[in-house]
Each structure stands twice: as structure tokens, then as C-alpha cells.
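Trainee: Need a 3D model of the following:
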Amino acid sequence: MSGYDETYQHSIERPEEFWGAAALGITWDQPPATVFDGARWFTDGRLNTCYNAIDRHVAAGRGGQPALIHDSPVTGTSRTYTYAELLDEVARTAGMLRDLGVTAGDTVVIYMPMVPEAVVAMLACARLGAVHSVVFGGFAARELAVRIDHARPKVVLSASCGIEPSRVVAYKPLLDAALEQAAHRPERCVILQRPQCAAELREGRDLDWAPAVADAEPAGCVSVAATDPLYVLYTSGTTGVPKGVVRDNGGHAVALHWSMANVYGAAPGEVYWAASDVGWVVGHSYIVYAPLLAGCTTVLYEGKPVGTPDPGAFWRVVSTYGVRTLFTAPTAIRAIKKEDPYGEYLKKWDLSGLRYLFLAGERLDPDTYHWASDLLGIPVLDHWWQTETGWPIAANCAGIERLPVKPGSPTKAVPGWDVHVLDPDGRDCPPGVEGAVTIKLPLPPGALPTLYRDEARYARSYLRRYPGHYLTGDGGHLDEDGYLYVMGRIDDVINVAGHRLSTGAMEEVVAAHPDVAECAVVGVADPLKGQVPMGFVVLKAGAARDPAQVEQELVALVRERIGPVAAFRRAVVVARLPKTRSGKILRATMRNIADGEPYETPSTIEDPATLPEIAEAVKGV
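Mentor: Model (predicted):
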């Protein structure tokens with residue numbers, strides 16, 4: 001096996017040769033003669049993504065291997081599907097959709113909780129060549145209506161309810177309200193009835209999932225062009241006109257299959273768990289498609305890192321099912337750390353089979369890295385990517401060569417991604433100098449080729465600022481060894497009296513305080529300096545400290561480590577931070593609150609009550 005440097009150079013200098021070899025890992029109906037035509041990957045190839053995810057493993061004699069494990073602490077149930085059983089469910093669900101008139105190229109909106117049928121629905125669409133668009137279960141009716149109008153689905157697949165730790169969320173009334181508001185009318189809705197909450201079905205439009213699937217004849221796989229869309233995923237937090245990220249079939253299958261072995265070090269037959277939601281890109285890529293493309297067993301978890309029932313929930317799942325690779329967000333680890341700072345719950349479970357912990361979705365601050373690394377005694381590997389890219393841009397590639405860890409960095413660019421840090425004039429920044437993180441074109445397979453129904457917006461959003469480069473929207477720097485440091489969104493760099501300062505760097509310092517469980521630093525308006533930083537911190541469980549004393553210590557810590565130029569003089573202890581359901585901290589909304597500006601409650605927020613709590617906290621500052 002070649003080392004990282006050799007593999008990376010091959011991917012950048014001879015990309016067609018590199019990705020042509022990777023494409024051999026996929027079963028094609030018509031193998032591509034052209035790897036790259038200057039604009040798109042594998043343009044003359046034909047395949048079916050569902051076939052590659054399920055059928056080929058059954059055909060190879062591995063139908064008895066577990067494919068999908070559903071673990072649901074909120075219902076107290078679990079179920080395992082073999083590849084053969086999953087194939088039967090998917091083929092029958094595809095048959096149901098076919099009987100409802102869904103054909104290749106049609107769109108289907110999926111509005112479901114974390115149940116096996118959500119995974120089945122996605123694969124059934126792929127089986128027919130239909131384009132699925134998953135909307136996070138429980139999204140508000142208005143947001144769902146906007147996405148229905150944009151995606152124009154022929155059918156909507158939904159469920160009667162989702163289940164949170166403290167309540168049952170009825171989905172059907174939200175779906176009904178969304179369809180009242182939407183201009184587009186899907187022909188049919190199919191509703192999975194869950195025992196915790198029965199939904200009222202509308203005659204002539206709504207079907208009951210179980211009998212509709214049971215009555216359907218299984219559907220075969222439809223061959224599609226590699227460049228045909230597999231799915232559209234609307235980026236979280238979009239307002240106004242939705243931004244629909246398009247993923248194609250061919251490049252997506254090749255890149256995700258390659259990433260499982262090379263980035264995550266995962267082998268066929270191993271249990272791989274991405275603790276995310278199918279409503280997010282992590283769920284699409286690493287709960288559903290990549291593990292199945294690679295012949296792994298994937299875990300679908302309907303629960304939380306804490307509270308279902310305790311901070312040992314993740315360790316129970318890892319131990320029970322023999323998880324080899326765990327991928328989650330730093331915010332999940334911070335939540336566990338807050339409730340169980342000394343790892344008492346972890347000691348109850350046998351984690352000897354866990355090989356790697358991968359983290360992405362928010363910056364992995366060094367303090368959280370060290371906590372997890374010391375507690376687990378295994379490699380804790382930061383990596384960085386986006387909804388748009390579909391798979392990791394920068395990572396410590398466990399399957400190629402594990403490089404020395406530098407806490408605070410997701411390591412180096414993954415093969416295929418030509419990462420640069422540019423100054424405002426489009427020149428490469430010297431090592432250590434912050435700029436805009438970009439990717440030199442062409443993007444590798446698996447990245448978005450466009451935005452759904454909006455090519456002009458795609459060019460405007462990602463390609464116009466730095467010609468020849470894709471703008472990630474994140475700022476950061478490369479060090480002298482080529483390690484990338486992503487310090488947050490470009491708009492999270494604040495200007496303090498003419499000095500450009502990264503709030504991410506300040507968060508790193510604040511997070512290092514022994515009593516801090518998690519934190520956020522935002523820039524707020526100041527009449528003298530233009531902007532000054534304000535910190536919001538959540539203390540660890542059991543940290544019986546005077547908040548005023550902690551705040552003084554944090555101000556001193558930032559002054560010591562970054563300097564007086566940071567003008568960090570305000571820190572506020574809060575009970576919790578406002579976050580999206582995927583774990584991202586709502587820094588822009590917090591900034592508006594701190595500035596006294598009007599703000600809207602984002603559709604993706606986990607708990608709307610956190611925003612008034614922030615507003616109350618800043619009153620006395």
C-alpha cells in the first residue's frame with residue numbers, strides 16, 4: 001500500500017488514472033470509457049446505485065450478512081436486517097413507488113424519522129432511478145412546503161410520528177399543513193403508521209405504508225447515466241429560495257466506496273456507525289450509501305448521545321453491536337463529556353472492538369480531542385467536509401497512512417481534493433497566514449455538480465469569487481507541513497480595531513479551561529473598535545464554580561494566549577448553546593441577539609427555547 005504523499009500526488013497529477021482505478025470498485029451496467037470529459041465524471045457510464053449497495057452483495061453470496069441494524073432507545077426496540085432481507089424490503093417498496101407512477105427522473109420527498117423505512121425509501125428511489133429529497137423529520141410545515149414546491153415530488157413518503165426523548169412529534173399534521181401551503185401537489189402520500197401515534201389518512205391521496213408495500217410486486221434496478229441525479233439535499237438553514245445540492249449517481253458511488261476503505265479504514269463485513277440523521281449529508285453518505293456500497297453493516301440509531309437514557313448511550317451501542325468505526329459530531333462528544341466528565345458510564349461497556357473515532361461537523365477543539373483520546377485510548381481522527389462535497393475534504397486517512405495528529409487540525413487534504421488557502425487577491429497564502437479555504441477545480445467525483453434548478457446560483461455562490469476554484473466559505477490556514485486548520489466560516493472572522501481575528505482561535509483557548517464543557521465566541525458590534533468578541537460558555541456538570549469567577553479566568557486566558565489585541569472582555573455562562581439538529585452552533589443568530597438586531601428562529605434549530613435564554617443572558621453584560 002502506498003503512503004499518503006504518493007497517493008495524494010497521484011490523485012492530483014493524474015486524476016483520470018486515479019479515479020479510473022477507483023471506478024473498478026463499482027459494478028457498472030456500462031463501464032465508462034471516459035473518466036472525465038472536462039466537466040463531469042464517468043459521463044458515458046451507466047449503473048444503478050441501489051444494485052451496488054445491496055444486490056451485488058447478495059449475488060456474491062453474502063445475503064446472510066447483517067446490512068442494517070436499527071437501534072431505538074426511544075422505543076426500546078432493535079432490529080437487524082440482512083442484505084437479503086433489506087433487498088426484499090427495498091425491491092417491494094420500489095414496486096409500490098413504481099405502481100404509483102414513479103419513474104426514472106421523478107422526484108420523491110422523504111419526510112421521516114430514524115426508522116429502517118427511511119433508509120429503505122432512499123434505496124427504493126435509487127432502484128428506480130428516481131431522485132429522492134430527504135427533509136429532516138419534524139421540520140416545520142412552512143419549511144417543508146418550500147422544499148416540496150422546489151423539488152416538485154410525484155410522491156411524498158412520510159410517517160405518523162417521530163419520537164424525541166421527552167415527547168412524540170406527530171408528523172402527519174405537519175405534512176398536511178405543508179401541503180395546504182404548497183403550490184405543488186404530489187399525486188400520493190404514503191404514511192408509515194407507528195404504534196406511538198396513529199395518523200389520519202386522507203381518502204384518495206394517502207396510503208398506509210405496510211399494506212401498500214406488502215401488495216407490491218418487487219421492482220428491479222433501472223440503469224441510469226452516471227451523471228443522472230441520485231438525490232437533492234437542501235442545505236440546512238436555507239431561507240427564501242432553497243439551495244438544493246445535487247448528487248449524481250456515478251461519481252457519488254465511486255467516491256463513497258473509495259472513501260470507506262481509504263479514509264475510514266473500514267472493511268466489508270465490519271460494523272460502521274455514523275451517529276447522525278438521514279436528514280443530513282452525513283446520514284446520506286455514511287449511514288445509507290457508503291457503508292452499504294462497501295459491504296459493511298451500518299447502524300441506524302434513533303436516540304441521543306445523552307438522555308436516552310444516560311451518557312453511556314453511545315458506548316452501549318458500540319459494545320452491543322461490535323462497532324469498529326464510530327463517526328459522530330464533536331458536539332455529541334462534548335454533550336457526553338459535560339454529563340460524564342470522568343467517563344464513569346463508559347467503564348460499564350466493553351469497547352475493545354472500537355478501532356477509530358472520527359469526528360466532523362463542527363471544529364474539534366483540542367480539549368475535546370484530548371478528552372476523547374485519553375478516555376478511549378484509540379485514534380481520534382478529526383476530519384472536515386461539507387454538504388456540498390458529500391465526502392471528506394481533509395482527513396487523517398486511516399486506510400492509507402495514519403499521520404501524526406495535530407490537535408485542532410483535520411490533518412491534510414484527502415486525495416482528490418486540491419486544497420488552497422487564498423488571500424483576497426487570489427494568491428496562495430504563506431504557511432500560517434489565514435485566508436479563504438478553496439479547492440482548485442475540477443472537484444473530484446462525488447462533489448456537487450450544480451444546484452438543483454439553479455446553475456446560475458451555483459456559479460455565483462461557489463465559483464465566481466476565485467476563478468478556477470471552489471469557495472468553501474470557510475477560513476483557515478495551512479501550516480509548514482501542509483496540515484489544514486479550518487477556523488470557521490469566513491464571516492466568523494471579526495475585525496477588532498483593524499485587526500482580523502478568528503473567533504475559532506479564541507474558542508480554542510476558552511475550551512481549554514478545565515470547567516468549560518463547550519463554548520462559542522461571536523463578534524458583536526462596538527462603537528469604538530467596530531467589533532469585539534463575546535464568549536458564551538456552558539460549564540461541565542458538577543462544576544460548582546461562581547460564573548463571575550470563571551468569566552474573569554476566561555478573559556485572562558484569552559489575553560494571555562492571544563493577546564490584548566483580541567479585546568476579549570466579555571464572557572457569559574449559559575445553561576446551553578442554541579444548535580441545529582445536526583449539532584452546529586447558531587453563531588450568526590447569537591450575534592444578532594447580542595447586537596440587539598432582529599432575528600428569525602432558524603428552521604433547523606434543535607430547541608427554540610435556547611434563543612430567549614441567550615437573549616436573557618446578554619442583558620446584563
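Trainee: Helices of the stretch 401-550 of the chain, start to end?
Mentor: According to DSSP state H, counting those that start in this stretch, the stretch 401-550 of the chain carries its helices in the segments 455-458, 503-511, 547-561.
Trainee: so which of those is the most packed in?
Mentor: Burial of those is given as mean neighbour count (mean count of other CB atoms under 10 Å); helix 503-511 ranks first at a mean of 24. (C-beta placed from N, C-alpha, C; glycine too.)
Trainee: of the helices of the stretch 401-550 of the chain, which approaches residue 313 most closely?
Mentor: Proximity to residue 313 (CB to CB) singles out helix 503-511 among the helices of the stretch 401-550 of the chain, at 23.1 Å.
Trainee: Let me know the pLDDT of residue 480.
Mentor: On pLDDT, residue 480 comes in at 97.
Trainee: That one touches residue 406, doesn't it?
Mentor: No. The criterion here is CB atoms under 8 Å, and residue 480 misses it with residue 406 at 11.3 Å.
Trainee: the more surrounded of the two?
Mentor: Between residue 480 and residue 406, counted using other CB atoms under 10 Å, residue 406 has the larger neighbour count: 18 against 8.
Trainee: Just to check, that one is in contact with residue 483?
Mentor: Yes. Contact criterion CB under 8 Å: residue 406 and residue 483 qualify, at 5.3 Å.
Trainee: distance of residue 607 from residue 140?
Mentor: Per CB to CB, to the nearest Å, residue 607 is found 14 Å from residue 140.
Trainee: neighbour-wise, which of the two wins?
Mentor: Each of residue 607 and residue 140 has its neighbours counted (other CB under 10 Å); residue 140 has more, 15 against 11.
Trainee: Could you pull up the contacting residues of that one?
Mentor: Applying CB atoms under 8 Å, 6 or more residues apart in numbering, we find residue 140 in contact with 174, 603.
Trainee: ok, now residue 75?
Mentor: By CB under 8 Å, 6+ apart, residue 75 lies in contact with 163, 196, 302.
Trainee: cool, and residue 244?
Mentor: Residues counted as contacts of residue 244 (CB under 8 Å, 6+ apart) are 133, 150, 151, 232, 233, 234, 451, 452, 453, 454.
Trainee: any idea how far residue 216 is from residue 99?
Mentor: Separation of residue 216 from residue 99 (CB to CB): 6 Å.
Trainee: more crowded one of these two?
Mentor: Shown here are residue 216 and residue 99; by other CB under 10 Å, residue 216 has more neighbours (18 against 14).
Trainee: so what pLDDT did the more buried one get?
Mentor: The model reports residue 216 with a pLDDT of 97.
Trainee: cool, and the one 10 residues further on?
Mentor: Model confidence at residue 226, expressed as pLDDT, equals 98.
Trainee: That one: neighbouring residues, count only.
Mentor: Residue 226 sits with 27 neighbouring residues when counted by other CB under 10 Å.
Trainee: can you tell me which residues contact the spatially closest residue to it that is not a sequence neighbour?
Mentor: Excluding its sequence neighbours, the residue lying closest to residue 226 (CB to CB, 6 or more residues apart in numbering) is residue 250, at 2.4 Å. Residues near residue 250 by CB under 8 Å, 6+ apart: 23, 26, 32, 41, 42, 45, 47, 225, 226, 227, 445.
Trainee: what's the answer for residue 110, then?
Mentor: Remark: with contacts taken as CB under 8 Å, 6+ apart, residue 110 is in contact with 118, 121, 122, 125, 132, 133, 134, 135, 156, 157, 158, 278.
Trainee: One more: residue 496?
Mentor: Counting by CB under 8 Å, 6+ apart, residue 496 touches 523, 529, 530, 531, 532, 533, 565, 566, 567.
Trainee: now do 7 Å
Mentor: Going by CB atoms under 7 Å, 6 or more residues apart in numbering, residue 496 touches 529, 530, 531, 532, 565, 566, 567.
Trainee: Could you check the pLDDT of it?
Mentor: Residue 496 is assigned 72 on the pLDDT scale.
Trainee: ok, and what's touching the helix or strand hosting residue 592?
Mentor: In the assignment (DSSP states H and E), residue 592 maps to helix 587-594. Residues outside helix 587-594 that contact it (CB under 7 Å, 6+ apart): 492, 520, 522-524, 534, 536, 578, 599, 602, 611, 614-615, 618.
Trainee: what does stretch 53-65 give?
Mentor: Here stretch 53-65 makes contact (CB under 7 Å, 6+ apart) with 27, 82-84, 86-87, 90, 123, 221, 269, 289, 292-293, 295, 297.
Trainee: run the last query once more with 10 Å
Mentor: Residues outside stretch 53-65 that contact it (CB atoms under 10 Å, 6 or more residues apart in numbering): 26-27, 48, 50-51, 67-68, 82-91, 119, 122-123, 126-127, 220-221, 253, 256-257, 268-269, 288-298.
Trainee: returning to what we had before: buried among the contacts of helix 587-594? Make that a ChimeraX selection.
Mentor: The buried residues among the contacts of helix 587-594 can be selected in ChimeraX (16 or more other CB atoms under 10 Å) with this line:
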select :492,520,522,523,524,534,536,578,599,602,611,614,618
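Trainee: how about JSON lines for the contacts of residue 496, with neighbour count and distance to residue 373 added?
Mentor: Converted to JSON lines, those look like this (neighbours: other CB atoms under 10 Å; distance: CB to CB, whole Å):
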{"residue": "529", "neighbour count": "14", "distance to residue 373": "37"}
{"residue": "530", "neighbour count": "14", "distance to residue 373": "38"}
{"residue": "531", "neighbour count": "21", "distance to residue 373": "34"}
{"residue": "532", "neighbour count": "19", "distance to residue 373": "34"}
{"residue": "565", "neighbour count": "12", "distance to residue 373": "32"}
{"residue": "566", "neighbour count": "23", "distance to residue 373": "28"}
{"residue": "567", "neighbour count": "21", "distance to residue 373": "33"}
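Trainee: now, which of those sits nearest residue 371?
Mentor: Closest to residue 371, out of all of these and judged by CB to CB, is residue 566, at 24.8 Å.
Trainee: For the closest one, give me its contacts.
Mentor: Contact partners of residue 566, counting by CB under 10 Å, 6+ apart, are 494, 496, 499, 501-503, 505-506, 509, 521, 532-533, 555, 558-559.
Trainee: which of the residues you listed lies closest to residue 370?
Mentor: For the contacts of residue 566, the nearest to residue 370 is residue 509 (14.3 Å; CB to CB).
Trainee: Residue most distant from the centroid, this protein?
Mentor: residue 528 (39.1 Å; CA atoms, centre = their mean).
Trainee: Can you give the domain ranges for this structure?
Mentor: Domains of the chain are assigned by automatic domain parsing as 4-303+385-476, 497-619.
Trainee: on that earlier part again, pick out the lowest-pLDDT one from the contacts of residue 566.
Mentor: Among these, residue 499 has the lowest pLDDT, at 63.
Trainee: shaky segments in the stretch 201-350 of the chain?
Mentor: 236-241 (pLDDT under 70).
Trainee: the strands in it, which residues?
Mentor: Using DSSP state E, counting those that start in this stretch, the strands of the stretch 201-350 of the chain run over residues 206-208, 224-225, 229-234, 244-248, 271-274, 297-301, 323-328.
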